[in-house]
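Asks: below is the structure, and that's it, no one-letter string:
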């Protein structure tokens, strides 16, 4: 299958031509609609118990693994809970 790089680059969610804020974190808050989304067969994902668990409990997993777990690991590991609290979100935001 041939993929045209110009078409793919124009459809990127974090396209830099949309501005600094949008390319770094504004794209997270945008809920895109795709006209061909209904053509995707997603029955296998809807039947997978791991995917259903993640979809159902995503906010709790994100907060627990993104904030609580790094804080507890740092607190009990080397006695620096605040360092773990700061390090947890900063590692995630450094990716974008």
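Replies: Sure, I can see it. Predicted, not measured: the structure shown is a model, and the values here were computed from it.
Asks: now the spatially most central residue of the chain: phi and psi?
Replies: Central residue of the chain (C-alpha atoms, centre = their mean): residue 28, 7.9 Å from the mean position. Main-chain dihedrals, residue 28, degrees, to the nearest 10: phi -70, psi -40.
Asks: quickly list the domain ranges of the protein.
Replies: 1-40, 41-96 (automatic domain parsing).
Asks: buried deepest among the ones you listed, which one?
Replies: Ranked by average neighbour count under the criterion mean count of other C-beta atoms under 10 Å, these are headed by domain 41-96 at a mean of 12. Using the backbone N, CA and C atoms, a C-beta is placed for each residue, glycine as well.
Asks: how about the residue of the chain positioned farthest from its centre, phi and psi?
Replies: No residue in the chain has its C-alpha farther from the mean C-alpha position than residue 79, which lies at 29.1 Å (C-alpha atoms, centre = their mean). With angles defined as degrees, to the nearest 10, residue 79 sits at phi 70, psi 30.
Asks: report the separation between it and residue 72.
Replies: Distance, residue 79 to residue 72, by C-beta to C-beta, to the nearest Å: 12 Å.
Asks: repeat for residue 65
Replies: Per C-beta to C-beta, residue 65 is found 11 Å from residue 72.
Asks: same question for residue 30.
Replies: From residue 30 across to residue 72, the span is 33 Å (C-beta to C-beta).
Asks: what about residue 22, helix or strand, and which?
Replies: Per DSSP states H and E, residue 22 falls inside helix 20-24.
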